[in-house]
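Colleague: only geometry, no sequence info:
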């Protein structure tokens, strides 16, 4: 996440491009700079991985993208559980990010995990599944708000970095790396036989 730290303000009038999408009536935005492609997921392959050495929370599909397979993180499912939301629409969109979103501290850990579990997949990208149309919009940094101090630490540790008030509603600012990291570094979910 670029900068919501009040100790390090951004220049007045600065804007950033964000990817925005909705699940049920709740809005979410993520910085556009994290993603290099967005595609309709008409050719994703369901891995049906609920047990075994390749199973991981929120990873059930591979995406065919540019003649290679990319592991897809189910962002919809995570957000539906976190916010107790109804199923998203039937639109099948994926946005693709390079593993640089995890920063120097975690990029190699995530790369190693993806290689060990999904060696036949692209080792430099991760797809994020969203079930609604995403849109790119320029948003002024001055429109973004920190979360209340009592909730900030708890929510930011889960990838919810702030919010933006739009009309009568609110959009949550998400950090996709923080949202996905626990699933990508957790041990395999083994089903006891």
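Modeller: Yep, that arrived. The model shown is predicted, which means the values in this text are computed figures rather than measured ones. Numbering: from 1, shown residues only.
Colleague: so who does residue 121 touch?
Modeller: 62, 68-71, 114 (CB atoms under 8 Å, 6 or more residues apart in numbering). From N, CA and C alone the C-beta is placed, and that goes for glycine too.
Colleague: could I get those residues as a markdown table with distance to residue 25 and neighbour count?
Modeller: Shown next, in a markdown table, are the contacts of residue 121 (distance: CB to CB, whole Å; neighbours: other CB atoms under 10 Å):
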| residue | distance to residue 25 | neighbour count |
| --- | --- | --- |
| 62 | 31 | 22 |
| 68 | 36 | 14 |
| 69 | 34 | 18 |
| 70 | 30 | 25 |
| 71 | 30 | 22 |
| 114 | 34 | 22 |
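Colleague: Now the two most distant members of these.
Modeller: 68 and 114 (12.6 Å; CB to CB).
Colleague: I'd like the contacts of residue 121 as CSV, with pLDDT, secondary structure and distance to residue 97 appended.
Modeller: Compiled in CSV, these are given as follows (pLDDT from 0 to 100; DSSP: H, G, I helix; E, B strand; the rest coil; distance: CB to CB, whole Å):
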residue, pLDDT, secondary structure, distance to residue 97
62, 83, strand, 16
68, 86, strand, 15
69, 86, strand, 16
70, 89, strand, 10
71, 90, strand, 11
114, 88, helix, 13
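Colleague: Reformat those as JSON lines; add distance to residue 34.
Modeller: Output for the contacts of residue 121, formatted as JSON lines (distance: CB to CB, whole Å):
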{"residue": "62", "distance to residue 34": "20"}
{"residue": "68", "distance to residue 34": "19"}
{"residue": "69", "distance to residue 34": "21"}
{"residue": "70", "distance to residue 34": "15"}
{"residue": "71", "distance to residue 34": "16"}
{"residue": "114", "distance to residue 34": "17"}
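Colleague: Out of the residues you listed, which is nearest to residue 85?
Modeller: Among those, residue 71 lies closest to residue 85 (CB to CB), at 23.5 Å.
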